[in-house]
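[1] Mind folding the following:
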Amino acid sequence: MTTDRNPSPIGTALAVLAAATAFGTLGGALWLQRKGFAPCPLCILQRMAYLGVLGFALSAVSLMRARAGLAARAALGLGALSALVGLGFALRHVWLALHPGQLCGLDPLAAVINHWSITQWMPWMFRADGLCADTPSIFGLALPFWSAAGFVVIFSLLLAAMLRRNRF
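    Predicted coordinates:
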């Protein structure tokens, strides 16, 4: 059993893996956008959740290395919460993909998102120009399914890191 002076290498590795997964997912989303798939409002909200996961997971890693155990667990918890919020948006998007006759009905949300400060600062990442029903497929599954799976994996990684018996 480690003490606060020795951070858990497994907990740190799990948090790094969660951050890498979020970073890779954001990179993949930007790559698909460059290929001509405009993000919808639900895509943008999922991107924001992945960005929250990335920030909290990296903060947790930094805090673990600084031997700030309680703060590291709080950062992991906030990252896990971001993953759950993102999962909620992804599941809504999955529902829309399974019901093609439905529209996302989020046109007012797109207008709101497109006026946020972060969207004005980074429109290449956060501008919502697409339709929720117009999602690409990867290996036969629509992108929202993959996003939901990504959030589940990230949540599991962060929860496992947070619940490590070893202290940070």
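[2] what ranges do the strands span in the protein?
    137-138, 141-142 (DSSP state E).
[3] Quickly run through the sheet partners of the last one, with directions.
    On the basis of DSSP bridges, the sheet neighbours of strand 141-142 come out as strand 137-138 (antiparallel).
[4] pLDDT of the partner strand, averaged?
    Average pLDDT, strand 137-138: 72.
[5] quick one: contacts of it?
    Leu143, Trp146 (CB atoms under 8 Å, 6 or more residues apart in numbering). From N, CA and C alone the C-beta is placed, and that goes for glycine too.
[6] ok, now stretch 83-93?
    Contacts of stretch 83-93 (CB under 8 Å, 6+ apart): 40, 42-43, 45-46, 48-50, 52-53, 104, 132, 135, 144, 147-148, 151-152, 154-155, 158.
[7] Any buried residues in that stretch, and which?
    Ala83, Val85, Gly86, Leu87, Phe89, Ala90, Leu91, Arg92, His93 (16 or more other CB atoms under 10 Å).
[8] Excluding chain neighbours, give the residue nearest to His79 in space.
    Just so we're on the same page, residue 79 is Gly rather than His. Phe56 (3.3 Å; CB to CB, 6 or more residues apart in numbering).
[9] Narrow the contacts of stretch 83-93 to those that are buried.
    Buried, going by 16+ other CB under 10 Å: 40, 42-43, 45-46, 48-50, 52-53, 104, 132, 135, 144, 147-148, 151, 154-155, 158, out of those.
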